[in-house]
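> Only the shape, not the letters, is given here:
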């Protein structure tokens with residue numbers, strides 16, 4: 001949804017000396033388009049994956065004088081801006097979830113379609129792997145993770161199967177895990193409209209390994225707070241759990257801080273944001289045909305209309 005992202009950011013960035021944060025840099029696709037479109041804009045790019053930062057350097061080389069790349073998770077935005085001496089910014093982009101780089105590198109272990117070590121860390125230099133989770137969590141905890149983060153109705157069956165399998169031999173690869181899930185769910189439900197039955201379990205483990213929802217819950221208010229008046233935030237989410245958090249944060253900012261039945265809104269209690277999208281916008285059929293990974297994208301955006309006193 002690149003064209004829509006650029007259109008939403010344009011009113012905030014079509015001016016001299018503006019600053020935009022791409023808080024999920026990835027391979028730099030959005031960042032490169034922003035820098036090309038807005039010639040007076042400085043971009044701060046964050047990513048928790050060192051490989052993504054390295055890969056994006058070449059793409060962003062023509063704009064290196066206007067680009068600052070930082071190895072950081074997006075909830076670290078306030079600290080990053082403080083180090084850079086930036087009090088406020090004019091735009092923030094969050095393109096959530098796993099990146100194309102991570103999906104396409106087989107040894108990262110994000111995909112159930114190819115065999116690889118069961119890793120799933122977005123930053124492979126630190127943290128717990130998916131193999132650690134499936135081989136050490138008790139069954140009840142595994143079931144809670146799979147149910148909450150994968151919205152998987154057979155979470156308990158899958159968790160119990162994991163515990164039985166690992167008692168015989170550690171679960172170490174994506175193929176092992178995918179086959180385990182396939183065996184755990186009822187045969188009649190294995191290949192429905194939702195695709196491979198392991199998809200939801202893989203999503204749940206990835207979210208758990210990377211703390212994605214907790215990170216997002218911290219990052220959204222920080223990103224909104226970083227916006228100058230007139231600044232804009234654009235967020236692309238890829239599943240209902242992410243989108244729900246985004247919706248709540250933006251709607252809360254676009255609501256007055258007084259009871260709904262109050263006949264007037266006192267000064268100082270007006271909304272700080274104005275929503276720029278009606279609900280979540282989805283990609284067009286043409287875009288999905290060109291890029292199947294865009295199919296689940298949900299875009300929301302808002303602009304800051306005032307700052308609290």
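Nice, thanks for sending it over. As the structure is a prediction and not an experimental result, all values here were calculated from the model.
> If you count residues, where's the longest strand of the protein?
As assigned by DSSP state E, the longest strand anywhere in the chain is strand 227-237.
> Show me what it is packed against.
Helices and strands touching strand 227-237, by 3 or more CB pairs under 8 Å, 6 or more residues apart in numbering; DSSP states H and E, are helix 2-13, strand 89-95, helix 212-226, helix 240-253, strand 298-304. All C-beta spots, glycine's among them, are computed from the backbone N, C-alpha and C.
> Return the most buried member of those.
strand 89-95 (a mean of 25; mean count of other CB atoms under 10 Å).
> thinking again about what came up before, report the distance from the longest strand of the chain to the chain centre.
The chain centre lies 15 Å from the centre of strand 227-237; the measure is CA atoms, centre = their mean, to the nearest Å.
> partners of it, with directions?
Take DSSP bridges as the rule and strand 227-237 pairs in its sheet with strand 89-95 (parallel), strand 298-304 (antiparallel).
> ok, now how distant is the spatially most central residue of the chain from residue 38?
Residue closest to the average C-alpha location in the chain (CA atoms, centre = their mean): residue 96, at 1.8 Å. Distance of residue 96 to residue 38, computed by CB to CB, to the nearest Å: 22 Å.
> Put together a markdown table for the strands paired with strand 227-237, with distance to residue 136 on each row.
Listed next are the strands paired with strand 227-237 as a markdown table, based on distance: least, CB to CB, whole Å:
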| stretch | distance to residue 136 |
| --- | --- |
| strand 89-95 | 31 |
| strand 298-304 | 33 |
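> would you turn those into CSV with distance to residue 127 and mean pLDDT?
Below are these laid out as CSV (distance: least, CB to CB, whole Å; pLDDT from 0 to 100):
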stretch, distance to residue 127, mean pLDDT
strand 89-95, 21, 97
strand 298-304, 27, 97
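> Next secondary structure element downstream of the least confident helix or strand in the chain by mean pLDDT?
Counting by mean pLDDT, DSSP states H and E, the chain has its least confident helix or strand at helix 100-104, which shows a mean of 72. Per DSSP states H and E, the first helix or strand lying C-terminal to helix 100-104 is helix 130-136.
> Now do the buried residues in that next one.
Residues of helix 130-136 classed as buried by neighbour count (16 or more other CB atoms under 10 Å): 130-131, 133-135.
> Could you name the helices and strands sitting against it?
helix 139-150, helix 155-168, helix 198-210.
> which of those helices is buried the deepest?
Most buried among the helices and strands packed on helix 130-136, counting by mean count of other CB under 10 Å: helix 198-210, with a mean of 24.
> could you say what helices and strands that helix packs with?
Right, helix 198-210 is packed against helix 130-136, helix 139-150, helix 174-184 by 3+ CB pairs under 8 Å, 6+ apart.
> Tabulate the ones you listed (TSV), appending distance to residue 252 and mean pLDDT.
Output for these, formatted as TSV (distance: least, CB to CB, whole Å; pLDDT from 0 to 100):
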stretch	distance to residue 252	mean pLDDT
helix 130-136	32	97
helix 139-150	22	97
helix 174-184	36	94
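> Redo the ones you listed as JSON lines? Include distance to residue 207.
Shown next, in JSON lines, are the helices and strands packed on helix 198-210 (distance: least, CB to CB, whole Å):
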{"stretch": "helix 130-136", "distance to residue 207": "11"}
{"stretch": "helix 139-150", "distance to residue 207": "4"}
{"stretch": "helix 174-184", "distance to residue 207": "15"}
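> quick one, what contacts residue 138?
Residue 138 makes contact with residue 163, according to CB atoms under 8 Å, 6 or more residues apart in numbering.
> Tell me the confidence at it?
The score at residue 138 is 97. That number is its pLDDT.
> Ok, residue 193 next?
In this model, residue 193 is scored at 65, pLDDT.
> Over to residue 187?
84.
> Can you list phi and psi of it for me?
The phi and psi values for residue 187, taken as degrees, to the nearest 10, are phi -60, psi -40.
> Tell me which of the strands paired with strand 227-237 lies nearest to residue 11.
strand 298-304 (7.6 Å; CB to CB).
> Next, the angle helix 240-253 makes with the closest one.
Relative orientation of strand 298-304 versus helix 240-253 (axes from the mean of the first three to the mean of the last three CA atoms, to 10 degrees): 20 degrees.
> now strand 298-304: how far from the chain's centre is it?
Its chain's C-alpha centre and that of strand 298-304 lie 14 Å apart, by CA atoms, centre = their mean.
> picking that back up, can I get the helices and strands packed on strand 227-237 in CSV including distance to residue 140?
What follows is the helices and strands packed on strand 227-237, written out as CSV (distance: least, CB to CB, whole Å):
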stretch, distance to residue 140
helix 2-13, 41
strand 89-95, 32
helix 212-226, 20
helix 240-253, 20
strand 298-304, 31
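> can you tell me which of the ones you listed comes nearest to residue 184?
Of the helices and strands packed on strand 227-237, the one closest to residue 184 (CB to CB) turns out to be helix 240-253, at 21.9 Å.
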